[in-house]
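Student: Using only what follows, build the 3D model:
(3 chains)
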Amino acid sequence: MVQQLISLLDWFGICIFSVTGALVASRKEMDIVGFALLGSVTGIGGGTIRDVLLGVQPIFWVEHPAYLVACVLVAAATFFFAHILNHRYRSLLWLDAVGLALFAVTGAGSALAHGASPVIAVAMGVASATFGGIIRDILGGESPLILRQEIYISAALVGALVYVLLTGWGFNADGAVFAGFMAGFGLRAMALYWRLSLPRYRARSGSEDSD
Amino acid sequence: MVQQLISLLDWFGICIFSVTGALVASRKEMDIVGFALLGSVTGIGGGTIRDVLLGVQPIFWVEHPAYLVACVLVAAATFFFAHILNHRYRSLLWLDAVGLALFAVTGAGSALAHGASPVIAVAMGVASATFGGIIRDILGGESPLILRQEIYISAALVGALVYVLLTGWGFNADGAVFAGFMAGFGLRAMALYWRLSLPRYRARSGSEDSD
Amino acid sequence: MVQQLISLLDWFGICIFSVTGALVASRKEMDIVGFALLGSVTGIGGGTIRDVLLGVQPIFWVEHPAYLVACVLVAAATFFFAHILNHRYRSLLWLDAVGLALFAVTGAGSALAHGASPVIAVAMGVASATFGGIIRDILGGESPLILRQEIYISAALVGALVYVLLTGWGFNADGAVFAGFMAGFGLRAMALYWRLSLPRYRARSGSEDSD
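Tutor: This next block holds a predicted model:
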């Protein structure tokens, strides 16, 4: 039943990330097949890396091609409706935040379900949540979101951590999923809204040279 | 026998993509070892991703190191002979087109041979055909070919689709391979020659904001 | 016992590469979680690709999460101490050189231990040594080190080659590891110190056109 909840949220996260991939394609004025490729890679990329790292075979979308088909359809629909979003880049950031928090939890949950240790589960949550977006930004020629100043990777880390800790402490499964998602999304949302960032590394005089 | 034909064309595609990797290395004025690395990664990259995604072990070039050796030799030869090509970038585009069409068919054929469903086979054709070039462009610091305006990913998609459909309908195997290759290469060649592109997404007023 | 030596050097290489990832994060003024991600990806990235390509499951750091924890701790420490390095970029280059030579040998050794042929072992040495740094540079938005003029990939190649040849000829294992490391590091160090480069491809008149 936890698996079903996680699987359902995974579906939701995959479709949302597919939209973010399609929005990057729209910024690059690609054609509809480009939308489909960038949407699919973004939607299933993080989970694919998670499955490859965990040695899960077949990979989830090779076993259930419906995931891939959904990504393609969602991205293709975005081709026709992206102009409705008045502020596409802002939408991209918020959708990405929802996907980030969902994948942090479902990635960690999937790792635990495959017998991974808590440390690895947290790492898989972070990897699932961030790598789809990283691949999207690199393929789309965008400056990677992870390099932006606002809290990003930390939100995925906190979401995955909360979920894994609560699960380890024997919490109700739905509660752990909900708390993990809220922690991750809440942190990222606050960061976006108030432009929060953690203290960043500051170069000190004489500590940087160009070559 | 179909497997033999696909295997033969795979060899051809691998060598051609290795040349395109070496041509990017020549544009970056790398040394001969750089040619070998970029040639190898481009030549065997798409098939490697296909094998990893399908869970095929050992990966084709780990099982048959001759593929890797061929990539290295072809790329090294390009180091000495690239200057003969009067228009290197033009050559890169046309060779890339041949490799794209070959891998769309052999990638899909290889997936079917490993028991993948038709949807997955088409996806593997597209992935095999495009990811080698994507890795080449990213490692070489070039703007990815997939972002260019002319039809590119669509050609791989059509080639893989034609091959998988004809195979599914029980066509003669050689005929399916030939038709798939001609569809993919023909479409890409027309796109290059007449600068064809599919309708691309157009930003509408007010729909884009920089932050 | 060879395995133990290789395992020990692997630890050392992983921590060193983690520092180089953290130094790139410091150049981008990321927060401490960004340091941890970029450090981890750089430290364990090359070995992860090696394990995935060889089909080794579970991947080394999934089996022994201590590797991952070490990367995170080392990268986090770099967040606080990077400013002590007066010339961070210079330090990055030299640490990268040590990691490069270590991974060239341990990557090849690990491949041989998993029954790979000599050609594949050399390729795995080069892949382990270079891909962590390539991923670091791409994620960090830096120009990839492999594109720089000085000898780089060649040093990994020579280190892996010396190790695999000496091992094949039945040399004492410690000696082969030491000779391979010294060959790889020595070559890279000379290249850095004297700005050595192999003859690079030179465009000839008329052989390059921008489109």
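Student: contacts, neighbours, all on C-alpha from now
Tutor: OK.
Student: which parts of chain A sit against chain B?
Tutor: Contact residues, chain A versus chain B (CA under 8 Å from any CA of the partner chain): A:26-34, A:52, A:57-59, A:62, A:65, A:79, A:83-90, A:139-141.
Student: just these that are near chain C?
Tutor: Restricting the residues of chain A next to chain B to those within reach of chain C (CA under 8 Å from any CA) leaves A:Val52.
Student: and the residues of chain A next to chain B, which of them are in helices?
Tutor: Residues of those located in helices (DSSP state H): A:Ser26, A:Arg27, A:Ile32, A:Val33, A:Gly34, A:Val52, A:Val62, A:Phe79, A:Arg88, A:Tyr89, A:Arg90, A:Leu139.
Student: how about CSV for those residues, with distance to B:Gly109 added?
Tutor: Below are those laid out as CSV (distance: CA to CA, whole Å):
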residue, distance to B:Gly109
A:Ser26, 32
A:Arg27, 34
A:Ile32, 25
A:Val33, 21
A:Gly34, 23
A:Val52, 22
A:Val62, 15
A:Phe79, 30
A:Arg88, 39
A:Tyr89, 39
A:Arg90, 42
A:Leu139, 26
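Student: so can I have CSV of these showing distance to C:Gly159 and neighbour count?
Tutor: Formatted as CSV, these follow (distance: CA to CA, whole Å; neighbours: other CA atoms under 10 Å in any protein chain shown):
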residue, distance to C:Gly159, neighbour count
A:Ser26, 46, 25
A:Arg27, 44, 18
A:Ile32, 47, 24
A:Val33, 44, 22
A:Gly34, 41, 28
A:Val52, 29, 18
A:Val62, 39, 22
A:Phe79, 50, 26
A:Arg88, 50, 23
A:Tyr89, 47, 19
A:Arg90, 49, 16
A:Leu139, 33, 23
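Student: A:Gly170 falls within a helix, correct?
Tutor: No: counting by DSSP: H, G, I helix; E, B strand; the rest coil, A:Gly170 is not part of a helix but coil.
Student: for chain A, which spans come out with low pLDDT?
Tutor: Scanning chain A for pLDDT under 70 picks out A:1, A:86, A:88, A:204-211.
Student: A:Thr167 - how many residues pack around it?
Tutor: Neighbours of A:Thr167 under the rule other CA atoms under 10 Å in any protein chain shown: 20.
Student: related to what we said a few turns ago, between the ones in helices among the residues of chain A next to chain B, which is closest to chain C?
Tutor: Chain C lies nearest to A:Val52 out of those, by CA to the nearest CA, at 7.6 Å.
Student: isn't that closest one right up against A:Ile59?
Tutor: Yes: A:Val52 is within contact range of A:Ile59, at 7.3 Å (criterion: CA atoms under 8 Å).
Student: joint contacts of these two?
Tutor: Listed contacts common to A:Val52 and A:Ile59 are B:Leu53; contacts here mean CA atoms under 8 Å, 6 or more residues apart in numbering or on different chains.
Student: Enumerate every residue touching A:Leu5.
Tutor: A:Asp174.
Student: run the last query once more with 10 Å
Tutor: A:Leu5 sits next to A:Trp11, A:Thr106, A:Ala173, A:Asp174, A:Val177 when contact means CA atoms under 10 Å, 6 or more residues apart in numbering or on different chains.
Student: ok, so of the residues you listed, who is nearest chain B?
Tutor: Comparing the contacts of A:Leu5 against chain B with CA to the nearest CA places A:Trp11 closest, at 18.1 Å.
Student: How about the backbone phi and psi for A:Leu196?
Tutor: A:Leu196 adopts backbone torsions of phi -70, psi 140, taken as degrees, to the nearest 10.
Student: residues near it, how many?
Tutor: 16.
Student: cool, and A:Ala203?
Tutor: Summarising burial for A:Ala203: neighbours were counted as other CA under 10 Å, giving 15.
Student: and it, which of the three is it?
Tutor: In the three-state summary, A:Ala203 is assigned as coil, counting by three-state DSSP.
Student: Let me know whether A:Leu165 touches A:Pro118 as I believe.
Tutor: Yes: between A:Leu165 and A:Pro118 there is a contact under CA atoms under 10 Å: 8.1 Å.
Student: Which one's more surrounded, those two?
Tutor: When A:Leu165 and A:Pro118 are compared for neighbours, A:Pro118 comes out ahead with 20 against 15, by other CA under 10 Å.
Student: where does the nearest residue to that one once chain neighbours are set aside sit relative to chain B, distance-wise?
Tutor: Using CA to CA, 6 or more residues apart in numbering or on different chains and skipping residues adjacent in sequence, the residue nearest A:Pro118 is A:Val164, 6.5 Å away. The gap separating A:Val164 from chain B is 27 Å, by CA to the nearest CA, to the nearest Å.
Student: hmm, back to that, closest one of the ones in helices among the residues of chain A next to chain B to B:Ala155?
Tutor: A:Val33 (9.7 Å; CA to CA).
Student: quick one, what contacts the closest one?
Tutor: By CA under 10 Å, 6+ apart, the residues touching A:Val33 are A:25, A:39, A:72, A:75-76, A:79, B:151-155, B:157, B:198, B:200.
Student: just A:Phe12 next, same as before
Tutor: With CA under 10 Å, 6+ apart, A:Phe12 has these contacts: A:Ile6, A:Ser18, A:Gly43, A:Val98, A:Gly99, A:Leu102, A:Phe103.
Student: can we see that at 7 Å?
Tutor: Counting by CA atoms under 7 Å, 6 or more residues apart in numbering or on different chains, A:Phe12 touches no other residue.
Student: Go ahead and list the helix or strand containing it.
Tutor: If you go by DSSP states H and E, A:Phe12 is part of helix A:2-27.
Student: Could you pull out the buried residues of that helix?
Tutor: A:6, A:9-27 (16 or more other CA atoms under 10 Å in any protein chain shown).
Student: thinking again about what came up before, buried only: go through the contacts of A:Leu5 for me.
Tutor: A:Trp11, A:Thr106, A:Ala173, A:Val177.
Student: Which residue is the nearest non-sequential neighbour of the last one?
Tutor: Closest residue to A:Val177 apart from its sequence neighbours, by CA to CA, 6+ apart: A:Tyr163 at 5.9 Å.
Student: The second one too?
Tutor: Using CA to CA, 6+ apart and skipping the chain neighbours, the partner closest in space to A:Thr106 is A:Ile6 (5.5 Å).
Student: got it, and A:Tyr201?
Tutor: C:Glu29 (4.7 Å).
Student: re the thing from before, quick one: which of the contacts of A:Val33 is nearest A:Ala111?
Tutor: Closest approach between the contacts of A:Val33 and A:Ala111, by CA to CA: A:Gly39, at 23.9 Å.
Student: thought A:Ala22 was touching A:Val41?
Tutor: No: using CA atoms under 7 Å, A:Ala22 is not in contact with A:Val41; the gap is 10.0 Å.
Student: Give me the contacts around stretch A:102-119.
Tutor: With contact meaning CA under 7 Å, 6+ apart, stretch A:102-119 is reached by A:6, A:9-10, A:13, A:121-122, A:124-126, A:128-129, A:156, A:159-160, A:163-164, A:177, A:180-181, C:65.
Student: Looking at those, which are in helices?
Tutor: Among the contacts of stretch A:102-119, the members found in helices (DSSP H) are A:6, A:9-10, A:13, A:121-122, A:124-126, A:128-129, A:156, A:159-160, A:163-164, A:177, A:180-181.
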